[in-house]
Every structure is written in structure tokens, then in C-alpha cells.
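1. sequence first, predicted model second:
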Amino acid sequence: MNITEETVGCPVVCSSDVVKIGVTPTHNIDVYCAREAVEADGLIVVNRVKCHTAFRAPRESGLLKMMGIGLGRVPGADAIHSIGTEHIGMVMLMALAWPTLLPVNSLIRLTFMLPI
């Protein structure tokens, strides 16, 4: 995808520093988010959309996965994957609905309005 600081004109940040921002109301799953994302004024999430490699469901991969699992880094991925695949899409949505992530929730609403 050639996403570099030079091609996008801004820093591309990736670290393992996360913040626990809450717990999902069902399944009691810890919700983590990258510290840089929590402290940012806003986020632009870029990803290619493809099928999940391990299962098929209404929500498998793409932007939801990047925001629900990718932004949580290893602790977030471990927490969400701990429930197995049956409810993973629902848990990702609950993780994204956490009030601390309002800029991310706004991004989700805008993403679905943009033409593909």
C-alpha cells in the first residue's frame, strides 16, 4: 500500500504502549487502545478490505478489525480473540462504542458514508 511518512505527509506511529479504556458490557472483555490514538485529536484508519483468514461472519476484517483489534495492539487482540470467533464481531463493535473513543466512532459513521 506504500503508506509511509513521505507518502501521507504525516507521522506514521506504531508502538506497543496501550491504555485500558474500559470493559465491554457483555463478555467482560477488557478494551485497550494505543496511547497515541487516545491522545490524538482524530484518527485516519487505512486498510485494505479482505475476508478474514480463519472464519466467515458479517464483520470479519477491514476497518472494524483495524480499530477494534489493531488499535488495541497485542493486549487488545488477545482480549478480543479470547472469546473465540462466535461473538467476535459484536465484541469488536462494543469495544469501538466505548465513550473514550468518540473520534473513532465519528470516523466509523463517516466511513460508511464515503463511496467505495
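-> Looks like it arrived, so ask away.
2. rest of the way, CA atoms for contacts and neighbours
-> Will do.
3. tell me where the chain has strands.
-> Listed in chain order, the strands of the chain (DSSP state E) span residues 18-23, 30-34.
4. and of the ones you listed, who's closest to residue 41?
-> For the strands of the chain, the distance to residue 41 is smallest for strand 30-34, at 13.4 Å, taking CA to CA.
5. just say which of the strands of the chain is most tucked in.
-> Sort those by mean neighbour count, taking mean count of other CA atoms under 10 Å, and strand 30-34 sits at the top with a mean of 25.
6. on that earlier part again, okay, the strands of the chain in TSV with mean pLDDT and distance to residue 9 next?
-> Listed next are the strands of the chain as TSV, based on pLDDT from 0 to 100; distance: least, CA to CA, whole Å:
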stretch	mean pLDDT	distance to residue 9
strand 18-23	86	25
strand 30-34	85	21
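7. make a markdown table from those and add distance to residue 74 to it.
-> Shown next, in a markdown table, are the strands of the chain (distance: least, CA to CA, whole Å):
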| stretch | distance to residue 74 |
| --- | --- |
| strand 18-23 | 9 |
| strand 30-34 | 9 |
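8. closest to residue 11 out of those?
-> Residue 11 sits nearest to strand 30-34 of all those, at 15.0 Å, using CA to CA.
9. tell me what that closest one is packed against?
-> Of the remaining helices and strands, those touching strand 30-34 by 3 or more CA pairs under 8 Å, 6 or more residues apart in numbering; DSSP states H and E are strand 18-23, helix 73-81.
10. distance to residue 41 added to these, as CSV?
-> Compiled in CSV, the helices and strands packed on strand 30-34 are given as follows (distance: least, CA to CA, whole Å):
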stretch, distance to residue 41
strand 18-23, 16
helix 73-81, 19
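11. just the helices in the chain please.
-> Taking DSSP state H as the test, the helices found in the chain are 5-8, 35-39, 62-68, 73-81, 88-96, 102-113.
12. just the C-alphas of the shortest one, formatted as PDB.
-> Taking C-alpha atoms only, helix 5-8 is exported to PDB below (Å, rounded to 0.1, in the frame of the first residue of the first chain):
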ATOM      1  CA  GLU A   5       5.500   9.300   6.300                       C
ATOM      2  CA  GLU A   6       6.700  10.600   3.000                       C
ATOM      3  CA  THR A   7       3.600   9.500   1.000                       C
ATOM      4  CA  VAL A   8       1.000  10.500   3.500                       C
END
